[in-house]
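[1] Here is my input, please return the structure:
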Amino acid sequence: MKTRLGDLLRNIRMSRGEILKEMAEKLGVSSAFLSAIENGKKKLPVEWFSRLQSLYGLSKEQLEEQIKSSINNQDMRCKCWLLLSS
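    Numbers count the residues shown, from 1 in each chain. As a prediction, the model looks like this:
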């Protein structure tokens, strides 16, 4: 099942004209793992939020807004990241 966080990742990648392999290399993972995240088969690692900020020049506010609109009560890892990064 697709997730908004997976869609966020895909949108970041595509808006910069990157193919899956390029973003995966930047994040230090395989293309298959990144694809699984984009398609909702794996969860987005919490530590990636900071990486996405630095790699793609995203403000904390931009990521926070996406995260807040994406998380549900079952994904406490994202909520914890928001609290800890404040």
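
[2] residues in contact with N39?
    Counting by Cβ atoms under 8 Å, 6 or more residues apart in numbering, N39 makes contact with 2, 6. The way it works is simple: take the backbone N, C-alpha and C, and place the C-beta from them, glycine included.

[3] do the same with L27
    34, 48, 51, 55.

[4] Can you list the low-confidence ranges for the chain?
    Flagging of the chain using pLDDT under 70 yields the residue ranges 1, 66-86.

[5] For it, which segments count as strands?
    In the chain, no strands are found when defined by DSSP state E.

[6] ok, back up a step: Serialize the contacts of L27 to JSON lines and add fields for neighbour count and distance to M23.
    Output for those, formatted as JSON lines (neighbours: other Cβ atoms under 10 Å; distance: Cβ to Cβ, whole Å):
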{"residue": "L34", "neighbour count": "24", "distance to M23": "6"}
{"residue": "W48", "neighbour count": "18", "distance to M23": "11"}
{"residue": "R51", "neighbour count": "13", "distance to M23": "11"}
{"residue": "L55", "neighbour count": "14", "distance to M23": "9"}
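
[7] Out of the residues you listed, which sit inside helices?
    Secondary structure from DSSP state H places 34, 48, 51, 55 of these in helices.

[8] From the residues you listed, pick the one nearest R16.
    Closest approach to R16 among the ones in helices among the contacts of L27 (Cβ to Cβ): L55, at 9.8 Å.

[9] Can you give me the neighbour number for the residue lying closest to that closest one once chain neighbours are set aside?
    In space, L55 comes closest to K26 once its chain neighbours are excluded; the distance is 5.5 Å by Cβ to Cβ, 6 or more residues apart in numbering. By other Cβ atoms under 10 Å, the residues close to K26 number 15.

[10] for S54, same thing?
    Other residues close to S54 by other Cβ under 10 Å number 8.
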